[in-house]
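1. only the shape, not the letters, is given here:
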């Protein structure tokens, strides 16, 4: 979309927050990647222990290339850890690895927000592809006839699906981190104090990226509605 006052006032601050959140998670991970845990556990070992403790011995822990590409694949039912987490014995690596196991536990328990998120993925993908083109077409063509604003409204409706997906993602990510930290403490994967605090700070920084992304989407949605309303006048 084009740059105007609504973008500068509404969207730009949220975009800057997202950029800061992205920088912060990388900075925080790098900082605590240097803090080695006293147990000597690698990210892969911590993930394996947590999976086994929850009866998920059939869920593999696999290595993937890249940095901070860690994720749980619900279709393959596999925890995948990046190079910087797999073989690292840092508190950051243990925290990230256990967070991904948290998603595996959610999947095994049929956690409701995960079910909702999986169910709306097809609609969200459609919304992500078509929302902006429909919105732009509606705004441009509204110069000929305001009936075309219905196209813009359709774009807003599809864009709303992206916001709903992000809203459902928040409790999923927060819960995975909660499970991770609780399990790290109960299983003694990290020593209390600075080690546990290191993992907590890494996961907190990661969670902020999701909050910033949602904030950006919501203010962008508000901006779209303001633009449509201006065209109606």
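-> That came in fine, so what should we check first? Computed from a predicted model, the values in this text were never measured in an experiment.
2. so which residues of the protein form strands?
-> 61-63, 71-73, 78-81 (DSSP state E).
3. which one of those is the most hemmed in?
-> Greatest average neighbour count among the strands of the chain goes to strand 78-81 (a mean of 22), per mean count of other Cβ atoms under 10 Å. (C-beta placed from N, C-alpha, C; glycine too.)
4. paired strands for that strand, with orientation please.
-> Note on strand 78-81: by DSSP bridges, its sheet partners are strand 61-63 (parallel), strand 71-73 (antiparallel).
5. average pLDDT across the last one?
-> Regarding strand 71-73, the rounded mean pLDDT is 97.
6. chain center to that strand, what's the gap?
-> 12 Å (Cα atoms, centre = their mean, to the nearest Å).
7. same thing with stretch 145-160?
-> 28 Å.
8. ok so, going back, JSON lines for the strands of the chain, including distance to residue 43?
-> Converted to JSON lines, those look like this (distance: least, Cβ to Cβ, whole Å):
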{"stretch": "strand 61-63", "distance to residue 43": "9"}
{"stretch": "strand 71-73", "distance to residue 43": "13"}
{"stretch": "strand 78-81", "distance to residue 43": "5"}
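9. what's the closest non-adjacent residue to the residue nearest in space to the middle of the chain?
-> Taking Cα atoms, centre = their mean, the centroid of the chain lies closest to residue 210, which sits 4.7 Å from it. Using Cβ to Cβ, 6 or more residues apart in numbering and skipping residues adjacent in sequence, the residue nearest residue 210 is residue 173, 5.3 Å away.
10. residues in contact with that neighbour?
-> 206-207, 210 (Cβ atoms under 8 Å, 6 or more residues apart in numbering).
11. and residue 123, what does it touch?
-> residue 161.
12. circling back to that earlier point, figure out which of the strands of the chain is closest to residue 149.
-> Minimum separation from residue 149 across those (Cβ to Cβ) falls at strand 71-73, 39.5 Å.
13. what does the residue of the chain most remote from its centre show for phi and psi?
-> The C-alpha centroid of the chain is most remote from residue 144, which lies 40.5 Å away (Cα atoms, centre = their mean). Residue 144 adopts backbone torsions of phi -90, psi -40, taken as degrees, to the nearest 10.
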